[in-house]
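> the sequence and its predicted three-dimensional model are supplied below.
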Amino acid sequence: MSKPKVFEKPSGVRDYLPYAVYGLRTIEKNVIQCMENWGYQEIITPTLEYYDTVGMASLTSDHKLFKLLDKRGTTLVLRTDNTAPIARVVSSLLKDEPLPMRLSYHSNVFRAMKDEAGRDAEFVQTGAELIGDGSPDADAEIIALAISSIKAAGIENFKIALGHMGFLQGLFKGTSVAEQEEQRMLKEHLLNKNYVGYKQAIKQLSITKDAKQELEGILKLRGGKEICEQAKSYVNDPATQQSINHLCEVWEVLEAYGVSEHVVIDLTMLGDFSYYTGMTFEGYAGDLGFPVCSGGRYDNLLTQFGRPAPATGFALKTNRILEVVSQNSNIELSRTLILYDEHNRINALKHAQMLRNDGQIVETRKVNSTFETTAQLLESYTDIINMTKRG
Amino acid sequence: MEILKVAMPKGRIFKQASNLFRAADIPIPDDFDDSRKLIIPIPEANMEFIMAKPVDVPTYVEYGVADVGIVGKDVLMEENRDVYELIDLGIARCRMSVIGLPDWKEVMNPKVATKYPNLASQYFRERGHQVEVIKLNGSIELAPLIGLSDRIVDMVETGRTLRENGLIELEEMFSVTSRLIANRVSYRMKNDSVQQLCDQLQSVIEMKV
């Protein structure tokens, strides 16, 4: 590659100009405050982690990790999410703290993506983790908190799709798709969102016609509470019954929170099989083509750090939320400029400080007596106080 | 209901796709096929068609500027975008093949010319063959004739171009049809409209089979 030009920066990273930072900070402030009100305390973990610990445990696939070497040659990674680092802290620094624990975070994460517009290599995540509670109430709390956070961030038009990893597992058992290889293939098609491939694969299975119809039917299992009931009829294996019952109960708690109108149960909603162990969900907003939030239950992660505990959580993709929110709002701050000359410097600066103490944005500028207030100057300030002798 | 934005591929697939839509009782005006407009609103069907180059359809859909799109399986495999592949429309049927001269033999450093570099290299790698791939943009059949590569990977519809240039299909890779794809957010946010379109198209496809 040729040497970069002076204005260039690496692909996938961004500069945030003042108006964008203002938007980002507003979202951050409101969301963190919202999480705090639910009892989630913010923690900050380092940008660098070991590849062998957090790097290996994280959900992000290996080729998306930014890797570097420390002085001794040990491989480090730039954190790709906040969940694995939090699992490390909960199992070490906080290992004597009682569970359940409620933690939140707001920080930038890094992922090596393919060079294309909209694929951020660095982006901001704001999220929450509820560790040590495996109940449906905990899952529902996380979803309800996600909904509150999305609202606090300023998004009105949004939807949450909720699924459960346990359902498919059991469905394959129930319809006697016994072969590991066949199960893997069906799951892979669903995970790749390839419904055509999934339907073709079902056709080739040597199972009963009814079973085939059942397998195809799940592609349309989508809606409210009735889906839970319907899903129950699909499965007869006890472990799967339990998953579905769990999901039904999550729904009931969401109704109790009064937020179920935002949620759609979608049993084709899948997360990574090696990571998520229970419910998973995604949030969508407005016209944005990508999800703005994702989360789920990950009961195996903490075991990898030596403190086995159930856990559930979610992350908002704060940058994307900024895209949605900044379309709707035009931030106009009122700014005051105080002009002074050497004769009234003391008074002018005192006056400025007084206004600042009241929470106003005030700039000061020393000018000479021939200074003219131009139209351009008037445009960038809401108010100009002329404290020069002449004025 | 909200307007559904549909990315339509210009060219080969387009006529068959719009006929399929008409058969599914989606009111598409008759003069529509010859239009040069890039964005065509169809208020009767609550849709808006975006006329795109076929290889770009998955890109529009992945970014969400189109909710759904129609695209060949060949492009879908080559582009490997994060979209839902909802229905096999069964139209624009053809096949992807490895093609060469009739007297083709294994060579030391095999070279394959193609419009589908990702798809071709994956195909050969899965079969344990290491080949060098040369990306071309058209007239792929030229490559083995003038010695740029020893084989090509390309779509075969009738096989006429191959015959006229003295080439043969050495291996049929897979068959290709057009698919209905959907953006991952639109699939959920506009699920009613997407599902309705799916059902309408599906019923026409099943009648044809």
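Everything's here; your move. Residues are numbered from 1 along each chain as shown, chains lettered A, B, ... in the order given.

> what about whichever residue of chain A sits closest to chain B, how many residues close to it?
Residue nearest to chain B within chain A (C-beta to the nearest C-beta): A:Gly289, separated by 1.7 Å. In short, each C-beta sits where N, CA and C put it, glycine included. A:Gly289: 21 surrounding residues under other C-beta atoms under 10 Å in any protein chain shown.

> let me see the contact set for it.
A:Gly289 makes contacts with B:62-65, B:183-186, as judged by C-beta atoms under 8 Å, 6 or more residues apart in numbering or on different chains.

> for A:Ile131, phi and psi?
Here is the backbone geometry of A:Ile131 (degrees, to the nearest 10): phi -110, psi 130.

> for it, list the residues it contacts.
Going by C-beta under 8 Å, 6+ apart, A:Ile131 touches A:86-87, A:90, A:99-103, A:302, A:309-311.

> sec struct for A:Ala315, please.
strand (DSSP: H, G, I helix; E, B strand; the rest coil).

> please name the nearest non-neighbouring residue to B:Phe174.
Nearest in space to B:Phe174, with sequence neighbours left out and distances taken as C-beta to C-beta, 6 or more residues apart in numbering or on different chains, is B:Met96 at 5.6 Å.

> list the contacts of the helix or strand containing the one you found.
Using DSSP states H and E, B:Met96 sits within strand B:94-100. The contact list for strand B:94-100 (C-beta under 8 Å, 6+ apart) reads B:74, B:112, B:116, B:119, B:141, B:144, B:150-157, B:162, B:167-176.

> what is the neighbour count of the residue lying closest to A:Gln33 once chain neighbours are set aside?
Nearest residue to A:Gln33, sequence neighbours excluded (C-beta to C-beta, 6+ apart): A:Ala152, at 7.2 Å. Other residues lying near A:Ala152 total 20 when counted by other C-beta under 10 Å.

> which ones are touching A:Ala152?
Applying C-beta under 8 Å, 6+ apart to A:Ala152 gives the contacts A:30-31, A:33-34.

> those: which two are farthest apart?
A:Val31 and A:Gln33 (7.2 Å; C-beta to C-beta).

> neighbour count: the two, which is higher?
For A:Val31 and A:Gln33, the more surrounded residue by other C-beta under 10 Å is A:Val31, and the numbers stand at 26 against 11.

> quick one, strands of the stretch 251-391 of chain A?
A:263-266, A:279-285, A:293-297, A:311-317, A:335-340, A:361-366, A:383-386 (DSSP state E, counting those that start in this stretch).

> may I have the second one as CSV, with CA atoms only?
I take that to be strand A:279-285. Listed next in CSV are the C-alpha coordinates belonging to strand A:279-285 (Å, rounded to 0.1, in the frame of the first residue of the first chain):
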residue,chain,number,x,y,z
MET,A,279,-32.8,-16.4,25.6
THR,A,280,-31.3,-14.1,23.0
PHE,A,281,-32.6,-10.8,21.7
GLU,A,282,-32.0,-8.1,19.2
GLY,A,283,-33.3,-4.5,19.0
TYR,A,284,-34.1,-2.6,15.8
ALA,A,285,-34.9,1.0,15.4
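
> what bits of chain A have low per-residue confidence?
Residues of chain A that meet the criterion pLDDT under 70 lie in A:1, A:174-178, A:327-332, A:369-370, A:373, A:390-391.

> which outside residues touch the top helix by length along chain B?
Across chain B, the longest stretch assigned as helix under DSSP state H is helix B:191-208. Residues outside helix B:191-208 that contact it (C-beta under 8 Å, 6+ apart) are A:220, A:222, A:264, B:1-2, B:4, B:20-21, B:23-26, B:46, B:67-68, B:86-90, B:180, B:182, B:186-187.

> in strands, which of these appear?
Secondary structure defined by DSSP state E assigns A:222, A:264, B:4, B:68, B:86-88, B:180, B:182 of the contacts of helix B:191-208 to strands.

> least confident of the residues you listed?
Of all these, A:Arg222 carries the smallest pLDDT score, 83.

> for that residue, give me its contacts.
With C-beta under 8 Å, 6+ apart, A:Arg222 has these contacts: A:264-268, B:191.

> in TSV, list the residues you listed along with distance to B:Val107 and neighbour count.
Converted to TSV, the contacts of A:Arg222 look like this (distance: C-beta to C-beta, whole Å; neighbours: other C-beta atoms under 10 Å in any protein chain shown):
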residue	distance to B:Val107	neighbour count
A:Val264	55	21
A:Ile265	56	28
A:Asp266	51	24
A:Leu267	51	25
A:Thr268	46	20
B:Asn191	52	18
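
> redo those residues as TSV? Include distance to A:Gln242.
What follows is these, written out as TSV (distance: C-beta to C-beta, whole Å):
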residue	distance to A:Gln242
A:Val264	22
A:Ile265	17
A:Asp266	20
A:Leu267	15
A:Thr268	20
B:Asn191	28
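
> those residues: which two are farthest apart?
The largest separation in these, counting by C-beta to C-beta, is between A:Leu267 and B:Asn191 at 13.6 Å.

> now the helices for the stretch 201-350 of chain A?
A:209-217, A:225-234, A:238-257, A:318-328, A:345-357 (DSSP state H, counting those that start in this stretch).

> same list, these, but as a markdown table with mean neighbour count and distance to chain B please.
A markdown table is the format used below for the helices of the stretch 201-350 of chain A (neighbours: other C-beta atoms under 10 Å in any protein chain shown; distance: least, C-beta to the nearest C-beta, whole Å):
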| stretch | mean neighbour count | distance to chain B |
| --- | --- | --- |
| helix A:209-217 | 14 | 11 |
| helix A:225-234 | 16 | 13 |
| helix A:238-257 | 18 | 17 |
| helix A:318-328 | 19 | 11 |
| helix A:345-357 | 14 | 44 |
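
> so which residues on the stretch 251-391 of chain A come close to chain B?
Contact residues, the stretch 251-391 of chain A versus chain B (C-beta under 8 Å from any C-beta of the partner chain): A:264, A:266, A:282, A:284, A:287-291.

> closest to A:Glu342 among those?
Within those, proximity to A:Glu342 (C-beta to C-beta) peaks at A:Leu288, which comes in at 53.8 Å.

> distance check, the most centrally placed residue in chain B against chain A.
Central residue of chain B (C-alpha atoms, centre = their mean): B:Gly72, 1.7 Å from the mean position. From B:Gly72 across to chain A, the span is 12 Å (C-beta to the nearest C-beta, to the nearest Å).

> so who does the single nearest residue of chain B relative to chain A touch?
Nearest residue of chain B to chain A: B:Gly64, at 1.7 Å (C-beta to the nearest C-beta). If you count contacts by C-beta under 8 Å, 6+ apart, B:Gly64 has them with A:287-290, B:183, B:185-186.
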